[in-house]
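> What follows is a predicted structure for the sequence shown.
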Number of protein chains: 2
Amino acid sequence: MSRISKDPEIRKNELVDAAEALFVAEGYENTSVSAIVKRIGVAQGTFYYYFKSKEDVLEAVIARVFDAAIAETASVINDTTLDAAKKLVRLIQIIFTLKDNREDFFRYIHEDRNALLHQKLAGKLLDLLSPILTSIIQQGLHEKSFSVEYPSETAELMLVIIGYLYDHPHEESEVSEKMICAVTGMLEKTLGIAAGKLKLNI
Amino acid sequence: MSRISKDPEIRKNELVDAAEALFVAEGYENTSVSAIVKRIGVAQGTFYYYFKSKEDVLEAVIARVFDAAIAETASVINDTTLDAAKKLVRLIQIIFTLKDNREDFFRYIHEDRNALLHQKLAGKLLDLLSPILTSIIQQGLHEKSFSVEYPSETAELMLVIIGYLYDHPHEESEVSEKMICAVTGMLEKTLGIAAGKLKLNI
């Protein structure tokens, strides 16, 4: 095994950085473990000290993309000054700013050749966000401001709708505006809240 | 160019049959044009008389999977004895029986390696069904039984929800039952119709 001279967390992060940059630039398929280690000048053994395989470092790249967003949602969930509707608006805004910091990565996963990666990422995001949205719906039910049967299934479906809007930004702004209104209306009706209550700024 | 001894439509169909069978058995990537022509004993030139490429015959396979369903929806749309809510229920049932006749094909497109094909197929289905569902919503608005702003955008979103249910059959029947109820409730609320009005038998 190669000598680990840096702090392990820093070294691991460097490997994830290098992998992400290469996946975006060259494509996941075309990136080898040796290209990743070469980029930061470490031995192949260093890579295998931290990761089992190329798939494993990809998982780490994906997890990191979501880490900040998940941490941010936690602070929203724990904010006792916000009612359920306000928390929902904040959650949607967090989802829509996810790609702002990683434009290259999000463009990359929308390429045809990365369809599987895109599918896995969307599934992972759904798994992570479903319990968070479920807890917001439950707060709304507790506050008697929401009216929803099947909170967790409805949370999942709401995220599918939000995800669709997220993945299909329409080119012409008029169409996009209508789609945002349609999604907003569908979410309001689903939650049993008044029209105009959810003000999405996305 | 090779001699075309059979009726062109029959021959073309044979090629589509052979391509579909091989794509399912061997995978799209692993199927060559020469394997397709070999399966039915014709020359390579015969293939290129009908199709530009392997991608082209794949399009034909996909189109054929949907042809019967689209024809069936046309007869539902033109049935003047059905109100909008009944037409919607019938449309959803047609979508859910799509895979009954082509189980192998639908299992195949859900394999990881066929993620792109799955994505394209879902997109094509959405494009085909959106105008049909929009016309049903417009009938409902005309009958004053539906209350929907943005009919075409809402049709698209409703199909996304139905598509999610379609693609994610849950293993445990209890969960699946709840998810069907959640989708039904969401659709009813979106259309502004009474709870229990949509009776989905899927």
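Cool, the structure landed. Numbering: from 1, shown residues only, chains lettered A, B, ... in the order given.
> from the chain's centre, how far out does stretch A:127-136 sit?
12 Å (CA atoms, centre = their mean, to the nearest Å).
> pLDDT on that stretch, on average?
Taken as a whole, stretch A:127-136 has a mean pLDDT of 94.
> Stretch A:93-108 too?
Here the average pLDDT along stretch A:93-108 is 81.
> repeat for stretch A:187-194
96.
> Any residue of the lowest-mean-pLDDT helix or strand in chain A touching chain B?
Ranked by mean pLDDT, DSSP states H and E, the weakest helix or strand in chain A is helix A:103-109, scoring a mean of 80. No. Residues of helix A:103-109 are not located near chain B by CB under 8 Å from any CB of the partner chain, the shortest gap being 11.4 Å. Where C-beta positions appear, they are placed from N, C-alpha and C, glycine not excepted.
> list the buried ones in stretch A:114-133?
A:114-122, A:125-126, A:128-130, A:132-133 (16 or more other CB atoms under 10 Å in any protein chain shown).
> what does chain A have sitting close to chain B?
Of all the residues in chain A, those lying near chain B are A:112-113, A:115-116, A:118-119, A:149-150, A:153-154, A:156-157, A:160-161, A:164, A:178-179, A:181-183, A:185-186, A:189-190, A:192, going by CB under 8 Å from any CB.
> Among those, the buried ones, what's the PyMOL command?
Only the buried members of the residues of chain A next to chain B end up in this PyMOL selection, burial being decided by 16+ other CB under 10 Å:
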select buried, chain A and resi 115+116+118+119+150+153+154+156+157+160+161+164+178+179+182+183+185+186+189+190
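> Tell me which helix or strand A:Thr184 sits in.
helix A:173-191 (DSSP states H and E).
> quick one: A:Thr80 from A:Ser34, how far?
Separation of A:Thr80 from A:Ser34 (CB to CB, to the nearest Å): 51 Å.
> Settle it for me: which of those two has more neighbours?
A:Ser34 (10 against 5; other CB atoms under 10 Å in any protein chain shown).
> The more buried one in helix, strand or coil?
helix (DSSP: H, G, I helix; E, B strand; the rest coil).
> can you count the residues close to the nearest residue to it once chain neighbours are set aside?
Using CB to CB, 6 or more residues apart in numbering or on different chains and skipping the chain neighbours, the partner closest in space to A:Ser34 is A:Gln44 (6.2 Å). Using other CB under 10 Å, the number of residues around A:Gln44 comes to 14.
> can you check the one 3 residues further on too?
Summarising burial for A:Phe47: neighbours were counted as other CB under 10 Å, giving 25.
> and what of A:Ile10?
A:Ile10 - counted by other CB under 10 Å - has 8 other residues nearby.
> What of the one 5 residues further on?
When neighbours are counted by other CB under 10 Å, A:Leu15 registers 23.
> before we move on, the earlier item: so the residue nearest to A:Ser34 touches A:Ala35, yeah?
No. Shown here, A:Gln44 and A:Ala35 do not form a contact pair, counting by CB atoms under 8 Å, at 10.8 Å.
> per-domain residue ranges of chain A.
Annotated domains of chain A cover A:8-51, A:60-191 [automatic domain parsing].
> gap between the two ends of the first one?
What it means is domain A:8-51. Distance across domain A:8-51, first residue to last, is 12 Å (CA to CA, to the nearest Å).
> model confidence over that domain, on average?
92.
> Select the longest helix from chain A.
When chain A is parsed with DSSP state H, its longest helix is helix A:115-142.
> quick one, that one and helix A:173-191 angle?
50 degrees (axes from the mean of the first three to the mean of the last three CA atoms, to 10 degrees).
> Determine how far helix A:115-142 lies from the middle of the whole chain.
Going by CA atoms, centre = their mean, where helix A:115-142 is centred and where its chain is centred differ by 9 Å.
> Wait, A:Lys77 touches A:Ser135, no?
You called it Lys, but residue A:77 is Ile. Yes. A:Ile77 is within contact range of A:Ser135, at 6.2 Å (criterion: CB under 8 Å).
> What separation do you get for A:Val61 and A:Asp100?
17 Å.
> These two: which has the busier surroundings?
A:Val61 (21 against 8).
> A:Glu174 - how many residues pack around it?
The burial count for A:Glu174: 8, using other CB under 10 Å.
> what pLDDT does it get?
Reported pLDDT for A:Glu174: 70.
> Next: A:Glu171.
62.
> For A:Ala18, see how far away A:Ile40 is.
A:Ile40 is 5 Å from A:Ala18, by CB to CB.
> And A:Asn30, how close does it get to A:Val24?
11 Å.
> Which one of these two is surrounded by more residues?
Set A:Asn30 next to A:Val24 and count neighbours by other CB under 10 Å: A:Val24 wins out with 21 against 11.
> contacting residues around the more buried one?
A:Asp104, A:Phe105, A:Tyr108 (CB atoms under 8 Å, 6 or more residues apart in numbering or on different chains).
> Tell me the buried residues within these.
A:Phe105, A:Tyr108.
> which one of the contacts of A:Val24 sits closest to A:Ala68?
Here the nearest of the contacts of A:Val24 to A:Ala68, counting by CB to CB, is A:Phe105; it sits at 12.8 Å.
> Identify the residue spatially nearest to the closest one, adjacent ones excluded.
Nearest to A:Phe105 is A:Val24, by CB to CB, 6+ apart, at 5.8 Å.
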